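J.: Have a look at this prediction, sequence included:
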Amino acid sequence: MRNEMQIQFSALSQNESFARVTVAAFIAQLDPTMDELTEIKTVVSEAVTNSIIHGYNGNPAGLVYISVAIEDGFVEIIIRDEGVGISDIEEARQPLFTTKPELERSGMGFTIMENFMDEIEVESQPSLGTIIRLKKHLAIKKALCN
Ligand SMILES: Nc1ncnc2c1ncn2[C@@H]1O[C@H](COP(=O)(O)OP(=O)(O)O)[C@@H](O)[C@H]1O
Ligand SMILES: [Mg+2]
């Protein structure tokens with residue numbers, strides 16, 4: 001059975017932990033491994049941080065939207081903002097690429113999302129915003145199958 005949830009919150013850095021903990025709590029019903037849960041929390045943090053610092057340039061009037069769907073060991077997370085958008089998505093996804101070097105950002109956010117999830121889709125338009133779709137199949141627990 002498919003099970004979905006949505007949240008939206010102000011683009012404030014103190015909401016990053018709210019977002020990662022909330023998504024993790026929802027996904028906990030699928031009985032993920034500790035590694036899977038850590039990976040999903042890290043990925044949510046990276047995408048939400050990007051919406052806050054890049055999408056909205058730290059303007060707390062912006063809203064970040066997250067929706068999560070789970071079904072039979074499968075997780076889909078969509079993180080969306082209505083911020084400045086990305087003009088060159090391919091360039092933005094390159095390891096170490098960042099438009100904010102002064103913040104000592106690592107430029108590894110997209111690379112981390114790619115490595116920790118099975119699928120990532122980035123849709124973005126300058127001045128309209130950015131949508132990140134992330135998918136992951138969780139490991140099947142042998143003990144539960146017997
Ligand atoms: N939600 C977003 N809105 C606008 N630009 C973004 C967004 N997410 C990512 N970007 C752009 O993609 C670049 C790379 O992102 P990322 O790999 O997370 O590295 P970093 O956040 O360290 O710069 C950012 O520097 C920024 O230019
Ligand atoms: Mg980032």
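T.: Right, received. Where do you want to start? Ligands and ions are numbered 1, 2, ... in the order given.
J.: contacts and neighbour counts: CA atoms only from here.
T.: Noted.
J.: Quick check: closest non-adjacent residue to the residue in the chain that ligand 2 sits nearest to.
T.: As assessed by CA to the ion, ligand 2 sits closest to G109 within the chain, at 4.1 Å. The shortest distance from G109 to any non-neighbouring residue, by CA to CA, 6 or more residues apart in numbering, is to E46 (5.5 Å).
J.: swap in E121?
T.: R133 (5.0 Å).
J.: The one you found touches I79, doesn't it?
T.: Yes - with contact defined as CA atoms under 8 Å, R133 reaches I79; the gap is 6.7 Å.
J.: quick one, which of these two is more surrounded?
T.: Using other CA atoms under 10 Å, the more surrounded residue of R133 and I79 is I79, with 21 against 17.
J.: Please name every helix or strand in contact with the helix or strand hosting that one.
T.: Per DSSP states H and E, I79 falls inside strand 74-81. Secondary-structure packing of strand 74-81 (3 or more CA pairs under 8 Å, 6 or more residues apart in numbering; DSSP states H and E): helix 34-50, strand 63-71, strand 129-137.
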